[in-house]
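Student: Predicted coordinates and the sequence they were generated for:
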2 protein chains.
Amino acid sequence: MNTQLGESLHQLMHSYRNQLRIAALEAGIKLPICQIRSLKCINSIEHCNASDISNQLMLDKSQVARVLKELVNEGLISKAPCPTNHRSQRLNLTSKGEKTLLDIRTLDQHAAQTMTQNMTEKQINDFIALTSIMLSNLR
Amino acid sequence: MNTQLGESLHQLMHSYRNQLRIAALEAGIKLPICQIRSLKCINSIEHCNASDISNQLMLDKSQVARVLKELVNEGLISKAPCPTNHRSQRLNLTSKGEKTLLDIRTLDQHAAQTMTQNMTEKQINDFIALTSIMLSNLR
DNA sequence: TTTCTTAGTTGACATAATCAACTCAAATAA
DNA sequence: TTATTTGAGTTGATTATGTCAACTAAGAAA
């Protein structure tokens, strides 16, 4: 009976990513999901650096390094030296990055809305709660 | 508030895949997740063919073709002509494939068990139900 | 027969993820 | 103080996943 759990997750994930990707494309945003997630992360974490992203998104640090390089190339973020630690670099959204993030937030909300239509507030919250229980079970 | 939904999904998915992947590796099974899913699919669908897998797992048919080619090369499945449709091919597990699948099922159950520890039967069922609601919302 | 659809394959490419080896800075131990 | 270890990030190499378009061949429909 538990066997279907993984499959359900896979399918939901796939659909959700697709939804987001296509919506982004239609809105003229051609960023891969990875970059989108990173942008959101940089915005939501105070003085965010590369390893914050690595931890938060559970991505390998090498992958993060490459994503950040692309985001810099696209002019969406900038790196500033960290005053307290010269090994680390603080990541900031550029104004272009902030503008992009606004669009992304709209898309994201729309995707979430589509995904949760016909669900009660309670169901949604339950789902998020259950998800985080499972997440902590896996760590 | 809905913004975290996608992030939660991503993280859960990532953890679950990792859990499964590492467990498989430790058990000496070196198949990628994709192949594992396909094997399970072939086993569970009567007279399964490539497009069944494509539909069930929501993978592009080209991706499916390649995964199947690998599974054949590894001697885990075989292709037989479909008696009613010469364009289609029926997929079957070889005995090696069946043995591998048994191991996989153990791993899979273990992963699901780990993921759902400290959860009631009801919570698990709720989660699956909510997942399928969201899935149908996205299609 | 011609046309359209279905099942699958292949090429080319983009995105995502993993692992190991490396640099350089900082902390710590000797 | 020097030596060693740890932390932050980069790079190379490779594997895995996903997408799109063009194609063949078999069946269905016109």
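Tutor: Cool, the structure landed.
Student: Spell out which residues of chain A are next to DNA strand C.
Tutor: A:30, A:32-35, A:59-60, A:62-63, A:85-87 (CB under 7 Å from any atom of the strand). In this view, the C-beta of every residue, glycine as well, is placed from N, C-alpha and C.
Student: Quick check: mean pLDDT of the lengthiest helix in chain A?
Tutor: Assignment by DSSP state H gives helix A:3-26 as the longest helix of chain A. Across helix A:3-26, pLDDT averages out at 91.
Student: and the very next helix or strand once past that helix, what does it pack onto?
Tutor: Next along the chain after helix A:3-26, taking DSSP states H and E as the criterion, comes helix A:33-44. When contacts are defined as 3 or more CB pairs under 8 Å, 6 or more residues apart in numbering or on different chains; DSSP states H and E, helix A:33-44 sits against helix A:3-26, helix A:50-57, helix A:61-73, strand A:89-93, helix A:95-115, helix B:3-26.
Student: Mean neighbour count and distance to DNA strand D for these - can I get that in a markdown table?
Tutor: Below are the helices and strands packed on helix A:33-44 laid out as a markdown table (neighbours: other CB atoms under 10 Å in any protein chain shown; distance: least, CB to the nearest atom of the strand, whole Å):
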| stretch | mean neighbour count | distance to DNA strand D |
| --- | --- | --- |
| helix A:3-26 | 18 | 5 |
| helix A:50-57 | 18 | 3 |
| helix A:61-73 | 15 | 3 |
| strand A:89-93 | 19 | 5 |
| helix A:95-115 | 17 | 14 |
| helix B:3-26 | 18 | 7 |
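Student: Using the three-state scheme, assign A:Ser132.
Tutor: helix (DSSP: H, G, I helix; E, B strand; the rest coil).
Student: Please name the residues that touch the closest residue to A:Ile36 other than its chain neighbours.
Tutor: Computed as CB to CB, 6 or more residues apart in numbering or on different chains, the closest residue to A:Ile36 that is not its neighbour in sequence is A:Ile104, at 5.6 Å. A:Ile104 makes contacts with A:24, A:29, A:31, A:36, A:39-40, as judged by CB atoms under 8 Å, 6 or more residues apart in numbering or on different chains.
Student: Turn the buried ones among those residues into a named PyMOL selection, would you?
Tutor: Here is the PyMOL command that selects the buried residues among the contacts of A:Ile104 (16 or more other CB atoms under 10 Å in any protein chain shown):
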select buried, chain A and resi 24+31+36+39+40
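Student: ok, so of the contacts of A:Ile104, who is nearest B:Leu20?
Tutor: A:Ile36 (25.4 Å; CB to CB).
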